[in-house]
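**Student:** based on what follows, work out the 3D shape:
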Amino acid sequence: MGTAMRKRTKHRQRILTWWQFQLNIVVPTRKKLDRRTSLGSSNTDESAHKATIRSHCLAYVSTLYPSALTIRAVDLQGGCSFTVKIQHGRERDGSSETMLQFRNARFALDMRFVQRVQSLHGLLVPETKRVGHIALSGGSREVYEMTVVPGIRFDSVRPLQRDLDEQSAARIKTLLDGMAAYFASSFMTADTDATTSQGKCSGRIGATLLERLTKLSLDLPADELRSIARSTLDDVQQGAMQCLPVVLTHGDLLPTNIFVDQDTWALTGLVDWAEAEDLPFGIGLYGVDRLLGYMDDAHQWAWYDESGTLRKHFWSCLQERVPALVLKESTLANAVQLARVVGVLLWYGFAWDDGRLDPVVNKVNDRDDVAMLRAFLLVHDSLLQ
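**Tutor:** The predicted structure is shown next:
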């Protein structure tokens, strides 16, 4: 090994050691690993392994941006990724902040979809590019550089009381205006020839949609939920959604991935497009209900007292931008309503399991999801009025 290479290796090792110290990492010895005898010790080893991987990622960031002013892991991490925020010095061209995301190779981004999202929604989504990969003991990680979208996560300002004050209600209406514009843009820019009848839904969810609805109709943890799943499956099998255009649909449209202006709550960004795929328009509407209430301490969904008015405001804004939805008895409007129910069933009917979306939720381990299923499915008759 040459002198220069030895110096680089020592430098990277010093950086890694520093990050391990910052994260309070205790790397288990082989002897400790061999003595795992309980679930608790296994979880401890898993946490230590994850922390070690993150320290390697942070060391990689330090070498990639040696002049960075600050490097810190973001507070809210995804289940399949590790994201770091970097603040740059004045000498750097462009933005003063950058995000770097490490993703397990199994969950690598499809850059074709990323480019489509950026083309369709512009400044609402972070510009993303792949910058490399690193090999780690737990498998390689794909590395992506992203711009920072403006604003704050809606989840950090969402009201947690039923009775909204006048200002909060007005702010949520402003957010719903932006969400309606986002959905309308998806509809208006869709390929009108790309309907569900032409088999354009070939992604992870779209290709297995009927199979998933069938599973929900059999395994959901309540008769009323299984009944709704069965009737929804029947309608889909009879072609009730075939008139809908297929659009690029966000796969995790939750308050944590919706960014708003801190003062007005105007929509400023939508992040985490890793699960995006082409699906019938309306399926993505599952995300709107999460803006109209909150999960209370008893694990029950609590609607805002003004949720009915806010919901009507959203649909009014969407109908204004998509006139074809104005007639609530139209085939298209009914199909959109059905697609929304399909979206709610798919996104809250299956549990997250290390990146898989196969196990159906149950009342013991998935109380919040079951509560949201009940709440969101019981309001579908009031839509498009």
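**Student:** can you give me the helices in the stretch 151-300 of the chain?
**Tutor:** Taking DSSP state H, counting those that start in this stretch, the helices of the stretch 151-300 of the chain run over residues 166-188, 209-219, 223-237.
**Student:** can I get those in TSV with mean neighbour count, mean pLDDT and distance to Gly122?
**Tutor:** Where C-beta positions appear, they are placed from N, C-alpha and C, glycine not excepted. Formatted as TSV, the helices of the stretch 151-300 of the chain follow (neighbours: other Cβ atoms under 10 Å; pLDDT from 0 to 100; distance: least, Cβ to Cβ, whole Å):
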stretch	mean neighbour count	mean pLDDT	distance to Gly122
helix 166-188	18	97	9
helix 209-219	17	97	29
helix 223-237	17	97	32
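**Student:** CSV for these, including distance to Gly287?
**Tutor:** Below are these laid out as CSV (distance: least, Cβ to Cβ, whole Å):
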stretch, distance to Gly287
helix 166-188, 8
helix 209-219, 18
helix 223-237, 18
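**Student:** can you give me the first-to-last residue distance of stretch 252-266?
**Tutor:** 19 Å (Cα to Cα, to the nearest Å).
**Student:** confidence score at the residue positioned nearest the centre of the chain?
**Tutor:** By Cα atoms, centre = their mean, the chain has its centre lying nearest to Asp252, at 2.7 Å. For Asp252, the pLDDT comes out at 93.
**Student:** follow-up on the earlier one: of all the helices of the stretch 151-300 of the chain, which one is nearest Val247?
**Tutor:** helix 166-188 (4.4 Å; Cβ to Cβ).
**Student:** what does the pLDDT read for His121?
**Tutor:** 95.
**Student:** settle this for me: it is touching Leu270, isn't it.
**Tutor:** Yes - assessed by Cβ atoms under 8 Å, His121 is found in contact with Leu270 at 7.0 Å.
**Student:** these two - which one has more neighbours?
**Tutor:** Neighbours were counted for His121 and for Leu270 using other Cβ atoms under 10 Å; Leu270 has more, 23 against 18.
**Student:** how about the more buried one: what's its closest non-neighbour residue?
**Tutor:** The shortest distance from Leu270 to any non-neighbouring residue, by Cβ to Cβ, 6 or more residues apart in numbering, is to Leu124 (5.3 Å).
**Student:** just to check, the residue nearest to the centre of the chain is in contact with Val271?
**Tutor:** No - using Cβ under 8 Å as the test, Asp252 is too far from Val271 to be in contact (9.2 Å).
**Student:** for Gly138, find the nearest of the helices of the stretch 151-300 of the chain.
**Tutor:** Between the helices of the stretch 151-300 of the chain, helix 209-219 lies closest to Gly138; by Cβ to Cβ that is 29.3 Å.
**Student:** ok, back up a step: mutual contacts of His121 and Leu270, please.
**Tutor:** Tyr182 (Cβ atoms under 8 Å, 6 or more residues apart in numbering).
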